[in-house]
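**Q** need a 3D model of the sequence below.
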Amino acid sequence: MRRVLEILELLLIIDQSGLFSSNFRREFRLSRVRLLPPRLSRAEPAGWPKACLVFHYGFHSLPLPDSRVPTEKRAEPMLRLLQQETMTSIPLVEVRLDPRSRAAVVVAHPDDETLWCGGYILTHPEFLWRIVTLCRAADPDRAPRFRRVLQRLGAEGEMADLDDGPDQAPLPVEQVQETTARLLAGTSYNLILTHGPKGEYTRHRRHEECCQAVVELWRSGGIDAKRLWLFAYEDGCRAYLPRVRNDADRRDVLTGGIWLEKRHLITDLYGFSPDSWEAQCTPREEGFWCFDSAQAADKATLLIARD
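**A** Here you go, the predicted model:
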């Protein structure tokens, strides 16, 4: 009973915080509750809400309780759900004062985070992850899929909607930088991962612009990070599928289980067919250029871009 009351109290705080959309509230997996966005820790309840939300693994369209129903009756279905083994109870103080370091992934499109560093995210739950994309917020297919991937990864995230038309016209540098800074929400990060200076394949301008914006923001103090890693892949000018560059600072070969989970995100959650380019190129090995100083990153990106 103590376990049940503890989770109910947590659900009440989540409900009153107003930080999540109604759709996200219905879809949120309580089994991932330990990975709630840290900004929730700064939300002080002004009073108990009139209704509780129900979060449960796999229940993506559970109706919200009617606030006109007495509290005891409204709690009954929640109590039954809370007894499921998929639930995870943790002390409230752990949610409010999450000790984990923050890490961010800044990419151009939803699916880039999975393709180029999904294995690293999956194998490093010690970080509190924030994943943001510069494009496709208004995409009726990709945007909801991205939210489901965030849920699966136990991450928070946000999308912007910069132009991503087929002509790939250059975007104003200031626009890309301002969008990137806003998505990162003025938070300090232990680690940020983003695209390489030349992207990961031939050729997508938004990948390159994303890298340039992150590096310049770090150099100018527009973002606060201890370390920056850039994806290190190339495709030999379309001669083969993207693979880790020989000059990468770090190379991680994924275990079979992690690689299958990564591929599952691409095929099942993002919905790419098994014979699609995305599914075929999902790397078993991930590579990064790693920088501890903005000056080093700035110098290296210039050299790599000219290579």
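**Q** alpha carbons only for contacts and neighbour counts from here, please
**A** Noted.
**Q** so what's residue 219 up against?
**A** Applying CA atoms under 8 Å, 6 or more residues apart in numbering to residue 219 gives the contacts 294, 295, 298.
**Q** that one is in what secondary structure piece?
**A** Element membership of residue 219 [criterion: DSSP states H and E] is helix 205-220.
**Q** right, and the helix or strand after that helix?
**A** As assigned by DSSP H and E, the chain's next helix or strand after helix 205-220 is strand 224-231.
**Q** what pairs with that next one, parallel or antiparallel?
**A** Paired strands of strand 224-231, with direction, are strand 188-194 (parallel), strand 285-291 (antiparallel) (DSSP bridges).
**Q** buried stuff in it?
**A** Going by neighbour count (16 or more other CA atoms under 10 Å), the buried part of strand 224-231 is 224, 225, 226, 227, 228, 229, 230, 231.
**Q** can you redo those residues as a markdown table with distance to residue 120?
**A** Output for the buried residues of strand 224-231, formatted as a markdown table (distance: CA to CA, whole Å):
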| residue | distance to residue 120 |
| --- | --- |
| 224 | 21 |
| 225 | 18 |
| 226 | 18 |
| 227 | 15 |
| 228 | 14 |
| 229 | 12 |
| 230 | 13 |
| 231 | 11 |
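**Q** need the max-distance pair from those residues.
**A** Greatest spatial distance among those (CA to CA): 224 and 231, at 19.3 Å.
**Q** quick one on the thing from earlier: so which of the contacts of residue 219 are in strands?
**A** Assignment to strands by DSSP state E places none of these there.
**Q** what ranges does the stretch 151-300 of the chain have for its helices?
**A** 173-183, 205-220, 256-264, 277-281, 294-306 (DSSP state H, counting those that start in this stretch).
**Q** which of those helices has the lowest mean pLDDT?
**A** Among these, helix 294-306 carries the lowest mean pLDDT, at a mean of 93.
**Q** so which of the helices of the stretch 151-300 of the chain is the most packed in?
**A** Greatest average neighbour count among the helices of the stretch 151-300 of the chain goes to helix 205-220 (a mean of 21), per mean count of other CA atoms under 10 Å.
**Q** tell me the pLDDT of the spatially closest residue to residue 286 that is not a sequence neighbour.
**A** Counting by CA to CA, 6 or more residues apart in numbering, residue 252 is the residue found nearest to residue 286 once chain neighbours are left out, at 5.1 Å. Listed pLDDT for residue 252 reads 98.
**Q** list the contacts for residue 252?
**A** Contacts for residue 252 (CA under 8 Å, 6+ apart) come out as 285, 286, 287.
**Q** among those residues, which one lies nearest to residue 198?
**A** After measuring those against residue 198 - CA to CA - the closest member comes out as residue 287, at 14.0 Å.
**Q** what is the burial count for that closest one?
**A** Residue 287 is flanked by 25 other residues according to other CA atoms under 10 Å.
**Q** residues in contact with it?
**A** Contacts of residue 287 (CA under 8 Å, 6+ apart): 231, 232, 233, 244, 245, 248, 249, 250, 251, 252.
**Q** just the buried residues of those.
**A** The neighbour-count test (16+ other CA under 10 Å) applied to these identifies 231, 232, 233, 244, 245, 248, 250, 251 as buried.
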